[in-house]
Structures are given as structure tokens and as C-alpha cells.
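J.: Pasting a predicted model and its sequence here:
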Amino acid sequence: MADPKKLFIKTYGCQMNVYDSERMAEALGASGYVTTERAEDADMILLNTCHIREKAAEKVYSELGRFKPLKAANPDLKIGVAGCVAQAEGEEIMRRQPLVDLVVGPQTYHRLPAMEAAVRQGARAVDTDFPEEDKFEHLPKGPRARRAPAAFLTVQEGCDKFCAFCVVPYTRGAEVSRPVDRVLREAEDLVERGVREITLLGQNVNAYHGEGPGGTWGLARLIRRLAKIEGLARIRFTTSHPNDMEDDLIAAHGDEPKLMPYLHLPVQSGSDRILKAMARKHTAESYIRLIERLRAARPDLLLSGDFIVGFPGETDQDFEDTLALVREVGYGQAYSFKYSARPGTPAAEKTPVPDDVASERLHRLQALLTEQQRAAQDAMVGREVSVLFEKAGRLPGQMVGKSDYLHAVHVTDPRAELGQIAKVRIVASGPNSLAGELV
């Protein structure tokens with residue numbers, strides 16, 4: 001019996017890319033591949049790329065250049081580029097980097113087995129279509145291996161918001177929601193394979209509008225139905241848009257115990273002038289009022305957000321408005337970035353804020369956000385929280401997991417077991433994690 005072929009996948013960017021990489025591995029698993037942690041051992045290398053950050057494409061070309069010695073040593077090695085850079089660059093990747101054998105966009109990776117078979121016969125393959133068929137239904141089924149205790153599940157893709165800075169609508173396409181029955185089927189399969197916590201994914205996940213019994217379901221109804229799956233203990237969702245946070249979803253944070261008290265809700269800026277320029281279609285005030293409603297439903301809700309500084313036209317006062325919003329809302333966690341122009345987006349045509357000004361603003365914002373994050377973590381000391389243990393820690397007998405609030409928690413106790421959900425008393429707060437003891 002021949003040895004299985006080995007697949008190395010390097011994943012960039014968001015949680016959806018992590019999910020996509022898992023599905024690509026399963027698809028190629030049906031063609032006889034097993035995953036490896038070393039590119040040097042691989043028969044196929046796949047880069048699952050992200051196009052959000054500055055110079056994303058150039059970083060991919062740089063990474064591909066590092067594989068030249070591997071290709072020279074093993075001419076049978078196949079190299080592919082997947083994801084959003086693949087979607088944006090297409091044939092250009094093949095032209096600029098001859099060692100690439102296939103390019104596949106995020107909507108067509110269900111065709112990977114056929115593409116792999118073609119490149120094995122000497123072809124070079126590019127597929128960046130937006131097909132009408134449901135890629136999830138056309139994915140070959142790989143082996144039903146045991147899964148880690150926490151998993152991602154994509155329920156929605158694409159975005160119709162067209163924020164002025166964002167390339168997602170162009171690389172992922174229009175908003176599409178998976179039918180309810182297919183989401184439930186995948187969730188039940190994950191639970192049967194050992195998953196205790198599922199994070200529902202979408203570029204704009206709270207715009208979910210999947211077809212189900214009785215018509216179109218929103219995200220809240222889907223969450224309530226998922227909560228009935230025996231063995232599924234925790235549900236999360238990301239990433240959301242403030243304009244799609246409907247009443248029933250707000251209510252679910254208060255009355256569905258399996259929905260965890262953590263919400264990532266990007267605002268990007270605290271300046272109404274900049275929000276309008278970004279085409280966000282909400283105001284700082286409407287965002288703050290929304291947070292008040294969410295906290296009324298779930299007072300202990302931990303909030304996370306996204307912020308862009310240095311957007312074209314941002315003044316000192318606009319930035320001060322962002323700092324004021326951060327102080328008023330209070331975040332337990334947040335992500336902040338300097339604006340970087342994405343080719344093809346409306347904002348890319350505008351004059352950017354000078355880099356030194358944007359850097360200084362980012363430094364000030366991150367200092368405030370770090371202060372809030374540490375305060376949120378310090379406030380956990382002495383409290384008892386629920387922790388799902390996801391992996392072994394660095395020390396003997398140590399287990400690491402996530403609390404209800406998505407804080408990383410480590411416990412050194414031989415009674416702590418992988419996949420267990422246990423009550424833990426927090427005894428110390430570190431820079432990015434909490435130390436606890438089993439109750």
C-alpha cells in the first residue's frame with residue numbers, strides 16, 4: 001500500500017480562513033492526503049491567503065519565493081494559492097510566480113480534488129469563479145476524525161455593506177446564507193466528533209438569513225435551534241455589523257444560556273464624519289445606544305471591537321472622538337490598525353493621513369485599549385468562571401482553555417481533562433491570560 005500524500009496548509013487572516021483550511025484538508029483527504037506540520041515533508045503546499053492587510057499580495061509572493069528550494073529538490077511538489085489574494089490576483093499569480101500549480105478562490109475550493117488531479121497530469125489550474133452551487137454541499141467527505149473541543153462553523157459568507165475601506169465584497173462576493181438544515185447537520189456532526197463549543201462564522205454573520213422550516217430564519221432563531229443539540233454546551237458568533245443587530249438577537253444574549261457573554265462588534269471610528277466617509281451607515285451615538293441595549297439584556301457582556309486610525313481625512317478631533325467612544329463603551333478586548341489602502345476600494349483614491357501621525361494615534365489608542373483589557377482581566381481575579389479545556393499547556397499537568405468571556409485560562413491540576421468544562425476560580429491575571437484553580 002502506497003504511503004499517503006502529505007498536505008501542508010499555511011493559513012493567514014480571519015477565523016473563516018481557519019475554517020476554510022479545515023474544509024480544504026478534508027476535501028483533499030478524500031484524494032488520499034494527510035496533513036503535515038512541515039512544508040519540507042509535503043507533496044502539496046497550500047497558502048490560504050487574506051487580502052485585508054497592507055501589502056497582502058506582496059507577502060504571499062515573498063512566501064512563495066521561499067518554497068523555490070523545495071520545488072527544486074522535489075519537482076513533483078505541487079504548490080497552490082487559495083483564499084482572498086487568490087481571488088483578487090487570479091492569473092497574475094501564475095504569471096508572476098511560475099512555481100505555482102493552482103490558484104483557487106474562496107468560493108471554489110470544493111473543486112480542489114479535480115484541480116489536484118489535473119495538476120498531477122501536468123496542467124496549471126486557476127478557478128476564481130463565484131459559482132451558483134453550494135460549495136459546502138459539493139465538498140468530498142473526508143475521514144470523520146475526532147475534533148478539538150472548540151470548532152468554527154461558517155453559516156454566512158460575503159458582505160453587501162461596501163464599507164469604503166474594505167475589499168471583502170470584492171473577494172468574497174455578495175451575502176449568502178447557508179440553509180438551516182445544512183448548518184444543523186454540520187453542527188450535529190461536529191458534536192458527535194467531540195466538539196463542545198461552536199463559533200458561527202460569517203463576514204457579516206448577524207445578517208444571516210438562511211432558509212429553514214417555515215421560511216427565512218435569522219441568526220437568533222438559528223442559535224436557539226442549535227442550543228437544543230445535546231452535547232453542544234457553548235455557542236458564539238463573529239463578526240457582526242451594528243446595523244444587523246436585531247431585537248431577537250439582543251434578547252438571545254439575555255435568555256439563551258448556551259450563548260456566551262462575549263460579543264465582537266466592530267465600530268471602526270468614534271467620529272460621525274469619518275463613519276460617514278467610511279460608508280458605515282451608523283453613527284457613534286447609535287452604536288453606543290446599541291451597546292446599552294445589549295448590556296441591559298446581558299449585564300456581564302464582554303465587548304470586543306475593531307478600530308481603524310488614520311483613515312483619509314481623519315483630523316485630531318475625529319481621533320479624539322474615537323478615544324471618547326472607547327472610554328464610554330469600555331472594551332474587554334479590541335483590535336486596532338492603521339488604515340491601509342486596498343486597491344479597488346473607494347477610500348484608496350483618497351489622500352491618506354501622514355504615516356507618522358497615524359502611528360502616533362495608533363500608539364495612543366492601543367495604550368487605552370490595553371489599559372481596558374487589563375482592567376477587564378484584573379476584574380476576573382477572585383471570580384469563578386466556566387472554562388472549556390482545549391489543549392495541554394507547557395507545564396506538566398497544565399491545561400489551557402477559554403472562559404465564558406473568551407479569556408485564555410490555564411490550570412495546573414491533574415484532574416483537568418481535554419474537552420472538560422469546569423468551574424475555575426481565577427487567582428491571577430497575566431498580560432494575555434488568566435491563571436486559575438479548579439473549584
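T.: Perfect, I can see it now. A quick note: this is a predicted structure, and the numbers were derived from the prediction, not measured.

J.: Am I right that Tyr19 is in contact with Glu157?
T.: No - contact criterion C-beta atoms under 8 Å: Tyr19 and Glu157 do not qualify, at 10.4 Å. For the C-beta atoms, the positions are set from N, CA and C on the backbone; glycine is no exception.

J.: which one of those two has more residues nearby?
T.: Glu157 (24 against 17; other C-beta atoms under 10 Å).

J.: Quickly note the distance from that one to Cys163.
T.: 16 Å (C-beta to C-beta, to the nearest Å).

J.: per-residue confidence for Ala2?
T.: Looking at Ala2, its pLDDT reads 61.

J.: any residues touching the host helix or strand of Asp318, and which ones?
T.: Following DSSP states H and E, the helix or strand that holds Asp318 is helix 316-329. Contacts to helix 316-329, defined as C-beta atoms under 8 Å, 6 or more residues apart in numbering, come from residues 267, 269-274, 284, 287-288, 291, 303, 305, 307, 309, 334, 361, 364-365, 368-369, 372.

J.: how about a cut-off of 7 Å?
T.: Helix 316-329 has contacts (C-beta atoms under 7 Å, 6 or more residues apart in numbering) with 267, 269-271, 273-274, 284, 288, 291, 303, 307, 309, 361, 365, 368-369.

J.: Show me which of those residues are buried.
T.: The neighbour-count test (16 or more other C-beta atoms under 10 Å) marks 267, 269-271, 274, 284, 291, 303, 307, 309, 361, 365, 368-369 as buried among the contacts of helix 316-329.

J.: Could you find the closest non-adjacent residue to Val167?
T.: Nearest residue to Val167 in three dimensions, chain neighbours excluded: Arg342, at 4.2 Å (C-beta to C-beta, 6 or more residues apart in numbering).

J.: residue contacts, the one you found?
T.: Shown in contact with Arg342 (C-beta under 7 Å, 6+ apart): Phe165, Val167, Ala348.

J.: In PyMOL, how would I select the buried members of those residues?
T.: Selection of buried members from these for PyMOL, criterion 16+ other C-beta under 10 Å:
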select buried, resi 165+167
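
J.: Identify the residue with the minimum pLDDT among the contacts of Arg342.
T.: Val167 (84).

J.: With Ala57 as the reference, measure out to that residue.
T.: 11 Å.

J.: hey, where'd the helices end up in the stretch 151-300 of the chain?
T.: Chain-ordered helices for the stretch 151-300 of the chain, with DSSP state H, counting those that start in this stretch as the definition, fall at 168-171, 180-192, 219-226, 247-255, 272-277, 284-297.

J.: on that earlier part again, hey, what's the angle from the helix holding Asp318 to helix 284-297? Just curious.
T.: With axes from the mean of the first three to the mean of the last three C-alpha atoms, to 10 degrees applied, the angle from helix 316-329 to helix 284-297 works out at 10 degrees.

J.: who's the closest residue to Asp181 other than its chain neighbours bridged to?
T.: Excluding its sequence neighbours, the residue lying closest to Asp181 (C-beta to C-beta, 6+ apart) is Gly212, at 6.9 Å. On the basis of DSSP bridges, Gly212 is bridged to Gly215.

J.: What is the neighbour count of Gly212?
T.: 19.

J.: what do you get for the one 3 residues further on?
T.: Other residues within reach of Gly215 by the criterion other C-beta under 10 Å amount to 7.

J.: Relative to Thr283, how far out is it?
T.: For Gly215 relative to Thr283 (C-beta to C-beta), the value is 32 Å.

J.: same check, this time on Asn74
T.: As for Asn74, its distance to Thr283 is 56 Å (criterion: C-beta to C-beta).

J.: Over to His407?
T.: Separation of His407 from Thr283 (C-beta to C-beta): 31 Å.

J.: Looking at the two, which one has more neighbours?
T.: Taking neighbours as other C-beta under 10 Å, His407 and Thr283 compare with His407 leading, 24 against 15.

J.: number of nearby residues for the closest residue to that one other than its chain neighbours?
T.: Among residues not flanking His407 along the chain, Leu434 sits closest, at 5.3 Å (C-beta to C-beta, 6+ apart). Using other C-beta under 10 Å, Leu434 has 24 other residues around it.

J.: for Asp355, same thing?
T.: By other C-beta under 10 Å, 10 other residues sit near Asp355.

J.: tell me the SS of Thr351?
T.: What DSSP: H, G, I helix; E, B strand; the rest coil gives for Thr351 is coil.
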